[in-house]
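Visitor: generate a structure from the sequence data that follows.
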Amino acid sequence: MIAPLRAVRTALCWMTVLPVGTGTCPDEAPDRALGGAVMSALPVVGIVVGAAASVLALGLSYTDAPVALVGILVVVLCAALTRGMHLDGLADTADGLGCYGPPERVAEVMRSGTVGPFGVATLVLALGVQAAGFTGLVGESRWYEIAFAVVLGRIGAVVGTRRSISPAHPNGFGALVAGTQRLSIPVWCLVAAAAAVPIGLRDNGSGVDPAAVAQALLVVFAVVAFAWVFTRHCARRMGGLNGDVLGATIELGVALAVVGLLI
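Guide: Okay, here's the model as predicted:
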């Protein structure tokens, strides 16, 4: 069994540019046990990245920077902290889903190394929605919800690695993590539901606003449901799950979360 501290450290090492420990990544070759532990710890990475984004937004709110610029910089920071790997996955997934043919053809398109028109359009739209959403949250001083949205995207990726979905290929990141999660999914969903309660304190200092909590809970449900349906669809089109799909799930989940929190 992988120790929780090791799982978190490896998740931060794999999923961010942050220096973790005295070295880079663990020396031993990764296997499915470690991959599953990393996925179960992935929302912790979201907490770290989301906290950094919230602190940046809060700090810039004391400057004369336009609110729209702050929202864009939040997106830039999240991409920089994660090496842009999730954005790359989003573009490759969009190109793969946009082509016709069997899973082999989809895999060929996704591995081509170039970004096609579907990938470019999806990146522009997703990043635009994220930037506009974060701008709206910054404009209303909703710092907690910035981090909340970032974490929800990672919980969506945990949902994508549930036991019922197998890897698309015998190697690669998908082979390490696909089909590894079971108990972590309801646990993180319950954590997200509990984390929705403080959102109800936003406009009501004397108690919890039930409507705000209900809205946040609906956002949690929407992101989880989207991740479930989206990864299942991708697995059917691609013959299984790969790392690019998980990256796409994260980015689209964040975009869905910020929209849901603002409407």
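Visitor: and L73, what element?
Guide: Under DSSP states H and E, the secondary-structure element containing L73 is helix 67-81.
Visitor: now that helix, how far from the centre of its chain.
Guide: From the chain centre to the centre of helix 67-81 is a distance of 15 Å (C-alpha atoms, centre = their mean, to the nearest Å).
Visitor: that one packs against which elements?
Guide: helix 42-60, helix 117-139 (3 or more C-beta pairs under 8 Å, 6 or more residues apart in numbering; DSSP states H and E). C-beta here means a position set from N, CA and C on the backbone, and glycine is covered the same way.
Visitor: out of those helices, which one sits most buried?
Guide: Comparing those by mean neighbour count (mean count of other C-beta atoms under 10 Å), helix 42-60 comes out on top with a mean of 21.
Visitor: which other helices and strands does it contact?
Guide: helix 4-15, helix 67-81, helix 117-139, helix 143-160.
Visitor: out of these, flag the one nearest Q215.
Guide: Nearest to Q215 among these is helix 143-160 (10.6 Å), distances taken as C-beta to C-beta.
Visitor: hmm, who's touching the helix or strand of the chain with the lowest mean pLDDT?
Guide: Ranked by mean pLDDT, DSSP states H and E, the weakest helix or strand in the chain is helix 103-110, scoring a mean of 85. With contact meaning C-beta atoms under 8 Å, 6 or more residues apart in numbering, helix 103-110 is reached by 92-93, 95-97, 99, 116, 168-169, 237-240, 242, 244.
Visitor: likewise stretch 235-251?
Guide: 85-90, 92-94, 96-97, 103-104, 106-107, 110, 126, 130, 153-154, 156-157, 159-161, 165-169, 172-174, 177-179, 227, 230-231, 234.
Visitor: buried members of those residues into PyMOL, please.
Guide: To isolate the buried ones among those in PyMOL, judged by 16 or more other C-beta atoms under 10 Å, type:
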select buried, resi 85+86+87+88+89+90+92+93+94+96+97+103+106+107+110+126+130+153+154+156+157+159+160+161+165+167+168+169+173+174+177+178+179+227+230+231+234
